[in-house]
Structures are given as structure tokens and as C-alpha cells.
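Peer 1: predicted coordinates and the sequence they were generated for:
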Amino acid sequence: MPSLSKILLPIAAPCPADVSAADAVRRLAASGAEMLLIEKGDVVVGLFSHREALAVYGDGAGPVEKYMRRPIPGRNLADSMEAGAEIIYREDTPYVILTEDEGPLFRKTSRPVGLVDAFDILAEIGKTTTDTASNKVFTGRKDLGLSVPVSPCQRACPIHQDIAAYVDYVSQGRYLDSWLVIHETNPFPSMLGRLCNHPCETDCKRGWVQGPENAVSIKSLKRFATDYAWARRMKISYQMAPENGKRVAVVGSGCAGLTAAQDLRLMGYAVDLYEREAKLGGLLSASIPHFRFELPQLEWEIQMIIDTGVNVLLNKNVGKDVKLEQLLADYDSVFVSVGMMTGRILPVPGSDLPEVISAMEFLRIRSYDIVPDNFPKGGDVVVIGGGAVATDAAQTSIKTGARKVWMVSIEPADRLPAFGNELVEAREIGLQLHTGVIVNAIKADSRGHVSGVEFIRVDESKLQFDPESGKLLINSVQKLPGTEHVIPCRYAIFASGQIMDFPQDQGVPLTPRKLIDANTGGYTSVSKLFAGGDCVQGPSFIVDAVAWGHRAARSINEFLGASVPRDAKPLTVIETTDDHREADYYLREEPPILPAEKRMDMSPVELPWNDEQAITAALRCFQCDTVHHVDESTCILCGACDDVCPEKALDVVVSGEPRDTSSGGFVEICNTVLGEDFGGKSGKILVNYDRCTNCRICEDHCPVNCITFQRVRFRDDTMQMIPLTPVAAPARASK
Ligand SMILES: Cc1cc2nc3c(=O)[nH]c(=O)nc-3n(C[C@H](O)[C@H](O)[C@H](O)COP(=O)(O)OP(=O)(O)OC[C@H]3O[C@@H](n4cnc5c(N)ncnc54)[C@H](O)[C@@H]3O)c2cc1C
Ligand code: SF4
Ligand code: SF4
């Protein structure tokens, strides 16, 4: 990891604290630097930038000390970028002064040599400008004259998608722009637009105001924009970094592996992707049943990744066909993202009968459009398990022609880990639930074929659940002897957990839970070896695996000595946004699904929205990334905005005047000193963006019209949309 010296910004010659403000403005202009370092004796006491200079124009009197920004924290020139990021978060500062050591050991002194910008640190360590940043980090983007908060949904999203922007673009009818924004961090919007567990919606401000069931339909809007781009046969063309001569092997082509492969290609690495299946996509294509998404759209997204120049090696089982040791010798780095594709079958009597299968294997075979051997079309099936995988196996069994399908769980019906909507859908097409029981044995007929599954009741009053995850604590299960009973069936599917089955003789470090031992950046204790996705985290969600892919690619890039992931920095874009007050009248709407009688085969069940539905849903977004822009040369600190704000989100603080500061706001949107006409008073406006709903009543009531609303976003301009197939030139009419 390079040191902070790499992004050092020069400061002009030090400026004594007692020079006049007007003189400091002249010195700053003559220096051509971003700021002056204000010193008293040898001590740095503050900074004076163009922003502070503006206040001088409005007033002009007094020494520079009166206008300078408070002293800011320092770091040594040789400190790491991470150390720089740490101090930005801790001290809530937009800049850090860099110092250099002088003098012999034990009598060392340090002198300031420049400063670094928070934005540059984040860009350098390969985070997007929003990655893990709190609101506070951006309060310092005063060089733009704006504060840049991160919206709650974006903070909650594991891949920090710029949700407010892409939702807003849908509301404006800019559907392709929306799709492009989504692709900045999300290579699988067709999947995540239908299947994401959407932590963003859980934390959406619209949900805080109108109740959690009324959060903005972020997931479905993503699907809408993606459907539009798909219908128009668009693809993304990436500006690639020059080839850097280094090679990386990616093992496993699930969403973690594919994401890492794409990121690494864009950074200039040669990437070989090893996959043991006959197709790419991992669980996306080889497990999640096809009625839950549009397979052609997934294939389109995977192809866009491969088109960046990823070299694909299918049917290559690493550990068997090629040893990991060999890959570590042949490549500069190896990323292992082998998932947890093997299902667990509980070792009860009869579990080795031919009609017993794991849900993972059942779904894998069905994903190739093959009906597994022994599957009883027209016969009954029992699925053992109460989670999302069990629901998928049960629905797939019904759609494959089973007569009656039972889903059987230890948990009572109201504590099932399956997603509620999927359970409702499954029950509508005939799924039978049997809860509060544990499997005892698989029963066979006289010819050695499955004839039923024996269960025993558990004491439901004794069951305990983990307060955080809501998962059943298996130690709390107590069987009730004498309650044994059999559900007759001809096929039994175990949906009772997944296993990481990467061969253990390959030298991969494992945790006690038999997952790969890696840190959140994907580093393992083996040099050159990185790992991520389900095989490290345990069974999780698509969006988590995508986040692993991004993080691992950044770590590999860092490990191989490169500094900036892509040679281009994001482009800063400032946009004005519309006012959506009418949206308060709309409630959330879910996308429709096919009626039950049409859901009996593997066709996708979720129907698309039309433009009106999508735009209405998008208008409900508060655009939490849109912030006040106050013209400080016009603001008279009258307090009208503070008085009218219905959310108590804003405080006008005037020095020397006792004013209510109950908003809890810390984002400074105005810091001004008024001229003599207004008694020379000085003050600030502070906003609490967790309260502000962008209603813009403050804008309406400002008597001097100094408030407008703007969005600042950091656009990835290395991406372009192009037609998937060349568009034929229009035919000319012959004369
Ligand atoms: C039935 C089911 C339904 C799900 N539904 C959802 C959902 O609706 N929403 C959601 O967010 N998540 C869902 N998930 C979870 C989600 O699919 C996973 O969290 C995600 O796919 C994990 O991605 P991954 O890249 O870590 O691994 P995987 O997708 O498992 O990919 C691992 C890849 O590695 C390959 N591989 C394994 N071993 C080797 C080897 N030795 N050599 C070469 N290649 C190897 C595998 O063949 C596979 O292609 C579901 C999971 C299942 C099982
Ligand atoms: S209102 Fe919009 S920007 Fe705010 S959290 Fe919800 S989706 Fe995100
Ligand atoms: S936009 Fe509305 S909620 Fe936000 S500060 Fe202005 S008046 Fe208050």
C-alpha cells in the first residue's frame, strides 16, 4: 500500500496568523495553491482556502486568523493510506496535514509539507467515494461549495450503489442512464432487481416516515431499468487500463468470482477463470430455479463480463484436474470463490435410499433442464427444511410434476426462515406445510424404495431462537416421544444446509466451521491466495458475494503493488433535482406475478412494471443525496428556514444570539459573515440529513432566495453504453 506522500497537495509558503485577511487573499491568489498554512511562530494554527477567502470578500476586515479554518489533524508523510482514512473518519475532517520528520533520532521534529484531501485518500485505496464512508466524511467538500451526504439506502447496500441517482433517473424517464449508474458497482442487476434481499429498502428514509412496508421499491426499479436496457439490446463498453503483464487465476464463476474477474480485467490483469461446471454463474445459473429470474438476461450480464477479456476454462475442477499449488506457482495471485454448492443430507436411517437427494443437487440437475433420476412425476414428495432453499426445491418439485409436495420443518409456521412472499406463492400452487417436527427416518417399501418419511413432534414451547439472526438454536429442540408419524411419499429432498466442499488437501486455511479462513478483504494466511463469497462467509446473499468480489479484486491489486484501481478518477457531476412533493400521496406497490394457475411450469413468475408504475414508484424517493446549496453571499441568517422546517432538521446558529439548536445537525451548509448593514453578525446553518426529507419548504420560505437543491455525484466515466449488435445504417431511398 503506497504512503500518503503519493497524493500530497502542495501548500503555499506559510502565512503568519497576524497578516490582514485582505493580504492573505492576495498571497493565496499569487501562490496558485489550494490553501495557505496559517502559522503562529512554528505552530500551524489553521488553514485559509478559497472558501475562507469568499467570506473575506463579504466583510474584509481583521486579521486572517479571524477567517481561517481550525487546525486540522496531521499524519506523517510516510503513513499508509489506511492511516489517512482512519483519521478522516475519527476526526471528521476533509483534509489532513502531512508532516515530515527532521533531525536525528531522539531529537526529531516534524514540519508540515502539504496536505491530503479525504476524497483522494478514498479514491486511492480503491474505495468508491461512498464505500463505508459516513455522512461526515463528505461534510468537507467545501471546495465544491457543497456538502455531500450518503443516503441511508446507499450506506446499507453492501455494494454501495448510487440508489438515489438511479431511482431519480427512472422518475425522469432516463432509464438507460439509470441502468448505467446501476452497473457502476453491480454487474448483475437483472438478478438483484428480482432476488436481492435488499438491505437498502430496510433502511430507506421513506420507510422511516411511512412505515417499513412502504419503503421505496428500490429492487424493482433496478429490474425496470435493466429490462429497458435489455429490450434495447444495450451493453456496457469499459475503458480498460493498459495490460500490466500480471496474471490472476479465479476459481469459481459465481457472482463473487465473476465480479472479481471483471474488476481485475478493468485494472489490466490477465484473468483465467476456472469453473468445474459446464456453465458459468455458480448458484445463479446452477441452483436458483429459473422461474425466479430471466435466464437470458443473466447470460447477457455474464457475457458483458467475459467480453472484457476473461479467459474461461469450463469443466476444470481445481483440486482434482489442476492442483491449487500449481495455480499459486503459475499466477501472480489466485482468488478462490468456490461457494457452498454441496447440500447436506442428515444421516438418519434410510437416508442412503435411491430416492433421497439433497436440495442443492436436485436444483443443480433441474438447472440443466433435466429431471433427476427417480423423480416421481405424479407422485408425492417431502422436502425436509423450512428455509429459502427448501421453498425453491418444493416449488420446483410442483412445477416438475409432483402430485403433492410437503415442506416439513422444526420451526413453527410463523418462525420459518423462508421468505414470506415465496412461501405464500408456493402455497398458492399447492405446497403443504407440516411444522414443529423433526425427521426420524426415511421409510422404505419391500423393494427398497422410499415409501415415506417418519417424523417426531418437538416441544414447540421450548424452542429458542437467536435474537439477532432469528435462527433456531438447535440445542433447544426437545423431541416428544410417542408422537412418531409417517408422511407417505416416493421422493425425499433434504434442504438441511450447505457444505464448502473444496478438497481439504489443497492447503487452504480453514476455520472451525470448515469455511475458508480469510479476512474481509479476502486475504488468507497463504501468500498470493485470496478467498471470498459464500465459501468464506457461509451461505449468504448474491449482493454480499458481489461485494466480496469487489473487495478481493481491490486487495489483489493492492497486494500486487498497484496503487489506483483504474487510471481514471470518478468525474464530479453536479445536478439540480426536481421536487417530488406529490409523492407523499402514493404508497408502495409490488410488481405483479402470474396468477397461480399459470405458475405450474418453470416460466418466470414476476411480471414487469409499465412506465407509469415505475415512475410513480421512483417519485416516492426523497432523493436523500440531494442537499441544500446556500448562496452564502446572499444569506442574511434570518432564520426563516429554521422556523418553517416541519422536520426540525435545520438550525441557523448566529454567534451571540441564543437560538434553538435541537436538530442535531452537523452538516454545515452555510458559514457566513454579514456586512455592516446587518450588524456584522456571523453564523452558520447546520442540517441533520437523517431528518431532512427534501420537502423544500425552507427553499420556498427563504426571503432572499438563497437556497437551492443539488446533487453531487461521482460518475464513473470509464463506462459507456453501446448497442449489443452494431446498428445497421438506415437504408437510403434510391432515386
Ligand atoms: C436455492 C438457492 C436460492 C437462492 N436464492 C437467493 C436469492 O433469492 N437471493 C439472494 O440474494 N441469494 C440467494 N441465494 C444465495 C446466493 O445464490 C449465494 O449467496 C451466491 O450465489 C454465492 O456466490 P459465490 O460466488 O460465493 O458462490 P457460488 O454462486 O456458489 O459459486 C461458486 C462457484 O464455484 C464453482 N466451484 C466450486 N468448486 C470448484 C472447484 N473445485 N473448481 C472450480 N470451480 C469450483 C462452482 O461450480 C460455482 O460455479 C440462493 C442460494 C440457493 C442455494
Ligand atoms: S428515500 Fe430514496 S434516497 Fe432516501 S433512503 Fe429511500 S431510496 Fe434511498
Ligand atoms: S428541505 Fe424540508 S425537511 Fe429539509 S431542511 Fe428544508 S424544510 Fe426542513
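Peer 2: Noted; the coordinates are in hand. Ligands and ions are numbered 1, 2, ... in the order given.
Peer 1: is whichever residue of the stretch 251-400 of the chain sits closest to ligand 3 in a helix, a strand, or coil?
Peer 2: Across the stretch 251-400 of the chain, no residue is closer to ligand 3 than Thr259, which sits at 36.3 Å (CB to the nearest ligand atom). Any C-beta I mention is one placed from the backbone N, CA and C, and that applies to glycine too. Judged by DSSP: H, G, I helix; E, B strand; the rest coil, the three-state class of Thr259 is helix.
Peer 1: one more: Glu422?
Peer 2: With three-state DSSP as the basis, Glu422 sits in helix.
Peer 1: and it, what pLDDT?
Peer 2: Confidence per residue is given as pLDDT, and for Glu422 that number is 91.
Peer 1: isn't it right up against Gly387?
Peer 2: No. Here Glu422 does not reach Gly387: they are 10.2 Å apart, not a contact under CB atoms under 8 Å.
Peer 1: ok, those two, which is more surrounded?
Peer 2: Taking neighbours as other CB atoms under 10 Å, Glu422 and Gly387 compare with Gly387 leading, 21 against 16.
Peer 1: excluding its backbone neighbours, what's nearest the more buried one?
Peer 2: Leaving aside its chain neighbours, Gly387 sits nearest to Pro417 (4.3 Å; criterion: CB to CB, 6 or more residues apart in numbering).
Peer 1: tell me how far the residue nearest to the residue of the stretch 251-400 of the chain closest to ligand 3 when sequence neighbours are not counted lies from Val271.
Peer 2: Nearest-residue entry for Thr259: Gly549, 2.7 Å, with adjacent residues in sequence omitted and distances by CB to CB, 6+ apart. Here Gly549 is placed at a distance of 12 Å from Val271 (CB to CB, to the nearest Å).
Peer 1: likewise for Pro212?
Peer 2: Distance of Pro212 to Val271, given as CB to CB: 41 Å.
Peer 1: which residues of the protein lie near ligand 1?
Peer 2: Within the chain, the positions adjacent to ligand 1 are 195-197, 251-257, 274-277, 282-284, 287-288, 317-319, 337-339, 341, 363, 388-389, 392, 502, 533-534, 540-542, 545 by CB under 6 Å from any ligand atom.
Peer 1: which of these fall in strands?
Peer 2: When DSSP state E defines the strands, the subset of the residues of the chain next to ligand 1 inside them is 251, 274.
Peer 1: list buried residues within the residues of the chain next to ligand 1.
Peer 2: Restricting these to buried positions leaves 195-197, 251-257, 274-277, 282-284, 287-288, 318-319, 337-339, 341, 363, 388-389, 392, 502, 533-534, 540-542, 545, with burial counted as 16 or more other CB atoms under 10 Å.
Peer 1: out of those, which are inside helices?
Peer 2: Cross-referencing those against helices under DSSP state H gives 195, 255-257, 283-284, 363, 388-389, 392, 534, 542, 545.
Peer 1: next, count neighbours for Leu264.
Peer 2: A count of neighbours around Leu264, defined by other CB under 10 Å, yields 28.
Peer 1: same check, this time on Asp445
Peer 2: One way to gauge burial is a neighbour count; for Asp445, by other CB under 10 Å, it gives 11.
Peer 1: again, but for the one 5 residues further on
Peer 2: By other CB under 10 Å, 24 other residues sit near Val450.
Peer 1: before we move on, what about Arg174?
Peer 2: Using other CB under 10 Å as the criterion, Arg174 is surrounded by 16 other residues.
Peer 1: local confidence estimate at it?
Peer 2: Per-residue pLDDT puts Arg174 at 93.
Peer 1: quick one, phi/psi of the residue in the stretch 201-350 of the chain that ligand 2 sits nearest to?
Peer 2: Closest to ligand 2 within the stretch 201-350 of the chain is Cys204: 3.3 Å, counting by CB to the nearest ligand atom. For Cys204, the backbone dihedrals (degrees, to the nearest 10) come out as phi -80, psi 140.
Peer 1: for the remainder of this discussion, apply numbering that starts at 7.
Peer 2: Renumbered: residue one is now 7, and that last one reads Cys210.
Peer 1: state the distance from it to Thr724.
Peer 2: Distance of Cys210 to Thr724, given as CB to CB: 29 Å.
Peer 1: now swap in Pro302 and tell me
Peer 2: According to CB to CB, Pro302 and Thr724 sit 27 Å apart.
Peer 1: tell me how many other residues surround the residue of the stretch 207-356 of the chain closest to ligand 2.
Peer 2: Neighbour count of Cys210, defined by other CB under 10 Å: 28.
Peer 1: show the model's pLDDT score for the residue nearest to it when sequence neighbours are not counted.
Peer 2: Leaving out its chain neighbours, the residue that sits closest to Cys210 by CB to CB, 6+ apart is Ala221, at 3.8 Å. Each residue has a pLDDT score; the one for Ala221 is 97.
Peer 1: now Ala221: how far from ligand 3?
Peer 2: When CB to the nearest ligand atom, to the nearest Å is applied, the distance between Ala221 and ligand 3 equals 19 Å.
Peer 1: from Arg626, how far off is that residue?
Peer 2: Counting by CB to CB, the gap from Ala221 to Arg626 is 9 Å.
Peer 1: what's the overlap in contacts for the two?
Peer 2: When contacts are counted by CB atoms under 8 Å, 6 or more residues apart in numbering, the set common to Ala221 and Arg626 consists of 212, 594.
Peer 1: what residues does the protein have near ligand 3?
Peer 2: Near ligand 3, the residues belonging to the chain are 651, 653, 655-656, 693, 698-704 when assessed by CB under 6 Å from any ligand atom.
Peer 1: out of those, which are buried?
Peer 2: 651, 653, 655-656, 693, 698-702, 704.
Peer 1: dump those residues into JSON lines; add distance to Ser533 as well.
Peer 2: JSON lines is the format used below for those (distance: CB to CB, whole Å):
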{"residue": "Cys651", "distance to Ser533": "56"}
{"residue": "Glu653", "distance to Ser533": "53"}
{"residue": "Ala655", "distance to Ser533": "51"}
{"residue": "Leu656", "distance to Ser533": "53"}
{"residue": "Val693", "distance to Ser533": "48"}
{"residue": "Cys698", "distance to Ser533": "49"}
{"residue": "Thr699", "distance to Ser533": "51"}
{"residue": "Asn700", "distance to Ser533": "50"}
{"residue": "Cys701", "distance to Ser533": "55"}
{"residue": "Arg702", "distance to Ser533": "55"}
{"residue": "Cys704", "distance to Ser533": "56"}
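Peer 1: other residues contacting stretch 370-381?
Peer 2: Applying CB under 8 Å, 6+ apart, the set of residues contacting stretch 370-381 is 284, 291-293, 295-296, 347, 360-361, 363, 367-368, 383, 402-403, 406-408, 497.
Peer 1: could you redo the last one with a cut-off of 6 Å?
Peer 2: The contact list for stretch 370-381 (CB atoms under 6 Å, 6 or more residues apart in numbering) reads 292-293, 360-361, 368, 402, 406.
Peer 1: how long is that stretch from one end to the other?
Peer 2: Taking CA to CA, to the nearest Å as the measure, stretch 370-381 stretches 14 Å from start to finish.
Peer 1: for burial, what's the neighbour tally of Cys630?
Peer 2: The local packing count at Cys630 equals 24, with neighbours defined by other CB under 10 Å.
Peer 1: OK, contacts around it?
Peer 2: The contact partners of Cys630, by CB under 6 Å, 6+ apart, come to 157, 170, 211.
Peer 1: my read is that the last one contacts Cys627, right?
Peer 2: No. The pair Lys211 / Cys627 is not scored as a contact, 8.7 Å apart, by CB atoms under 6 Å.
Peer 1: can you pick out the residue with more neighbours from the two?
Peer 2: Counted by other CB under 10 Å, Lys211 and Cys627 do not tie: Cys627 has more neighbours, with 30 against 23.
Peer 1: doesn't Gln303 lie inside a helix?
Peer 2: Yes. Under three-state DSSP, Gln303 falls within a helix.
Peer 1: who does the closest residue to Leu319 other than its chain neighbours bridge with?
Peer 2: Distances taken as CB to CB, 6+ apart place Tyr280 nearest to Leu319, at 5.1 Å, with adjacent residues excluded. Under DSSP bridges, the beta-bridge partners of Tyr280 are Val257, Leu319.
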